[in-house]
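Novice: Dropping a prediction and its sequence here:
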Amino acid sequence: MISVAKRVVLCADEESLRNPQLLGLEESNLQAVSWIECCATAEECRRAARRDGIEEAWVVSCDDMEPLNVAAALKYDDPCKKVYLACAVNNGSLASRASLAKVDGVLSQACFADRFVFAKSLWGERSQKVGHEEEGSSFDCGEGCGKEPGAQAANGATARVEADECESQTFLGLDASAQSRKERRRVSKEGAGTVVAVVGASGGCGKSTIASLLASLCARAGLVTLAIDADLQFGDMHRMLGVHEPVRMDEVVANPSLMTRLNEDAKSTGKPSLIAAPARLESSEEIAGELPDIIDAARGDYDVVVACAGAFWSEIHARLIESADSVVFLMDARPTSLEATVHAVELCARMGLATSGFVYAVNKHERESLLSAVDASCALKGSTAIELSNGRRDVEELLGAGFVQEFIESKNPLTDETVALLERILSDEQVKRVSQSLSSKSRRGRLFGRKAKR
């Protein structure tokens with residue numbers, strides 16, 4: 001029998017190619033499907049798509065590039081070739097970006113599976129007619145589900161319907177590769193470190209301060225700790241942690257071996273190691289997609305990983321929240337900060353991102369503040385919130401100058417309240433170690449000759 005020529009290029013990460021169930025398919029071996037060329041990297045996919053006989057390219061995920069960028073590159077290489085982006089989740093932003101890239105369509109995971117089954121029968125009928133031996137299955141990404149491949153929907157209406165159907169299950173562009181990373185973490189999470197994300201919906205609410213304290217308290221207790229400054233544009237955690245020449249995220253991306261050095265430093269110094277924000281602003285968007293892989297790599301080498309995001313919500317927040325075991329959601333004592341928090345949490349819920357692991361805190365709280373933890377709890381529909389004191393000048397003079405250990409040793413109540421925050425995040429044994437580390441070392445009551453603020 002004459003073997004069937006390759007008709008379709010399928011780009012997916014290696015794990016998904018080995019386990020098609022992660023793609024929502026019932027196939028047991030995609031590599032055995034005679035008319036599909038399976039690729040895991042962008043270059044392999046582009047090279048395969050140039051071959052004669054390839055009619056379509058389906059991009060689900062990729063080991064070394066964002067799926068949308070792969071799809072855009074394939075369309076750039078051959079504008080006449082049909083290129084489709086299949087993703088587990090979708091939103092209006094992703095659909096808009098795909099449209100600008102001239103991608104022929106964006107399909108949900110369910111529609112991808114349906115079209116795969118439909119095309120399996122279609123390709124089978126064709127192969128029988130020409131005497132080819134058919135094996136496996138495929139999908140054709142016509143603009144609508146259940147239609148013959150190549151059928152066009154007027155004005156792209158069906159493509160918009162696809163996006164609308166997925167919108168309630170999506171958040172800021174998470175894709176199938178994120179789903180794959182989630183599966184890998186589910187398998188390897190036992191015995192791995194705890195990843196804590198510190199986020200907030202308003203600027204100036206103290207995200208860097210609390211993240212630096214969380215990381216330093218954990219390291220002080222003997223927990224091997226990594227701090228990641230995920231405010232990729234204006235992050236300043238290196239200043240608060242007193243790291244004058246930090247290893248930056250773009251450097252780690254270019255040289256992954258730096259992770260080993262950071263881990264050794266954390267173990268030898270008893271201080272948190274730090275991956276700082278890139279020095280060049282223009283690098284932030286380029287390396288944003290690398291954050292989940294950096295966190296995954298650190299998870300097995302550290303007891304605790306603390307990552308702090310910026311105030312401007314973007315795709316990086318989705319990646320960070322999706323990667324974290326716990327999320328500390330900060331607001332300050334301003335009503336506007338609470339309003340912004342409610343908007344952000346509603347966005348998460350509307351887009352299908354679980355918020356059950358969020359720990360809410362009203363930072364910079366004072367007795368005369370307009371906003372309390374009770375107000376926050378009511379606005380957040382009963383979610384528990386705690387209060388963190390205003391560290392005042394101690395934060396400015398000590399943390400602002402990189403003296404985080406001196407701040408911890410002072411009697412500023414913010415330190416003990418941050419330990420209470422850790423009680424909601426870490427295991428009982430880890431919290432016990434943090435508490436013992438504070439009680440076993442002297443804590444000064446004066447800072448530069450003056451009383452510590454309470």
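Specialist: Looks like it came in fine.
Novice: Map the structural domains onto the sequence of the protein.
Specialist: Per the record, the chain has its domains at 2-177, 189-451, by automatic domain parsing.
Novice: starting at the chain centroid, how far to the last one?
Specialist: Computed by C-alpha atoms, centre = their mean, to the nearest Å, the chain-centroid distance of domain 189-451 equals 16 Å.
Novice: for the record, mean pLDDT for it?
Specialist: For domain 189-451, the mean pLDDT works out to 87.
Novice: if I pick Ala307, what's in contact with it?
Specialist: For Ala307, the contacting residues are 195-198, 211, 227-230, 291, 295, 320, 323-324, by C-beta atoms under 8 Å, 6 or more residues apart in numbering. For the C-beta atoms, the positions are set from N, CA and C on the backbone; glycine is no exception.
Novice: Let me have the residues you listed in JSON lines, adding distance to Ser372 and neighbour count as columns.
Specialist: Shown next, in JSON lines, are these (distance: C-beta to C-beta, whole Å; neighbours: other C-beta atoms under 10 Å):
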{"residue": "Val195", "distance to Ser372": "29", "neighbour count": "25"}
{"residue": "Val196", "distance to Ser372": "24", "neighbour count": "26"}
{"residue": "Ala197", "distance to Ser372": "24", "neighbour count": "27"}
{"residue": "Val198", "distance to Ser372": "21", "neighbour count": "32"}
{"residue": "Ala211", "distance to Ser372": "23", "neighbour count": "30"}
{"residue": "Ala227", "distance to Ser372": "29", "neighbour count": "35"}
{"residue": "Ile228", "distance to Ser372": "31", "neighbour count": "29"}
{"residue": "Asp229", "distance to Ser372": "30", "neighbour count": "28"}
{"residue": "Ala230", "distance to Ser372": "29", "neighbour count": "29"}
{"residue": "Leu291", "distance to Ser372": "34", "neighbour count": "22"}
{"residue": "Ile295", "distance to Ser372": "33", "neighbour count": "26"}
{"residue": "Leu320", "distance to Ser372": "28", "neighbour count": "23"}
{"residue": "Ser323", "distance to Ser372": "31", "neighbour count": "23"}
{"residue": "Ala324", "distance to Ser372": "26", "neighbour count": "22"}
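Novice: Which of the residues you listed fall within strands?
Specialist: Counting by DSSP state E, the contacts of Ala307 place Val195, Val196, Ala197, Val198, Ala227, Ile228, Asp229, Ala230 in strands.
Novice: on that earlier part again, quick check, nearest of the contacts of Ala307 to Leu258?
Specialist: Set against Leu258, the nearest of the contacts of Ala307 by C-beta to C-beta is Ile228 (12.9 Å).
Novice: mind listing what the closest one touches?
Specialist: Contacts of Ile228 (C-beta under 8 Å, 6+ apart): Met249, Leu274, Ile275, Leu291, Ile294, Ile295, Ala298, Val305, Val306, Ala307, Cys308.
Novice: what does Glu285 give?
Specialist: When the contact criterion is C-beta under 8 Å, 6+ apart, the partners of Glu285 are Leu232.
Novice: Surely Val362 is in a strand?
Specialist: Yes - under DSSP: H, G, I helix; E, B strand; the rest coil, Val362 sits within a strand.
Novice: ok, how many other residues are close to it?
Specialist: Neighbour count of Val362, defined by other C-beta atoms under 10 Å: 26.
Novice: Leu214 versus that one, what's the distance?
Specialist: Distance of Val362 to Leu214, given as C-beta to C-beta, to the nearest Å: 16 Å.
Novice: Quick check: which element contains Leu438?
Specialist: Using DSSP states H and E, Leu438 sits in helix 428-439.
Novice: Any chance you could list what contacts that helix?
Specialist: Here helix 428-439 makes contact (C-beta under 8 Å, 6+ apart) with 194, 217-218, 220-223, 303-304, 408, 415-416, 419, 422-423, 426.
Novice: Buried ones among those?
Specialist: Buried members of the contacts of helix 428-439, counted by 16 or more other C-beta atoms under 10 Å: 194, 217-218, 220-221, 223, 303-304, 408, 415, 419, 422-423, 426.
Novice: Tabulate those residues (CSV), appending secondary structure and distance to Ala379.
Specialist: Below are the buried ones among the contacts of helix 428-439 laid out as CSV (DSSP: H, G, I helix; E, B strand; the rest coil; distance: C-beta to C-beta, whole Å):
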residue, secondary structure, distance to Ala379
Thr194, strand, 28
Leu217, helix, 29
Cys218, helix, 30
Arg220, helix, 34
Ala221, coil, 34
Leu223, coil, 33
Asp303, coil, 34
Val304, strand, 30
Ile408, helix, 31
Thr415, helix, 27
Val419, helix, 26
Leu422, helix, 24
Glu423, coil, 23
Leu426, coil, 27
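Novice: out of those residues, who's nearest Gly357?
Specialist: Nearest to Gly357, judged by C-beta to C-beta, of those is Thr194 at 11.3 Å.
Novice: The closest one: what's it in contact with?
Specialist: The contact partners of Thr194, by C-beta under 8 Å, 6+ apart, come to Asp303, Val304, Val305, Asp325, Ser326, Ile425, Leu426, Ser427, Gln430.
Novice: how does it look with 7 Å?
Specialist: Val304, Asp325, Ile425, Leu426 (C-beta atoms under 7 Å, 6 or more residues apart in numbering).
Novice: ok, the second one touching Val195?
Specialist: Yes - if you go by C-beta atoms under 7 Å, Asp325 and Val195 touch, sitting 5.0 Å apart.
Novice: Let me know the distance separating Ser377 from Leu291.
Specialist: According to C-beta to C-beta, Ser377 and Leu291 sit 31 Å apart.
Novice: Same question for Lys381.
Specialist: Noted for Lys381: a distance of 30 Å to Leu291, by C-beta to C-beta.
Novice: Nearest to Ser283 among the contacts of Thr194?
Specialist: Val304 (26.4 Å).
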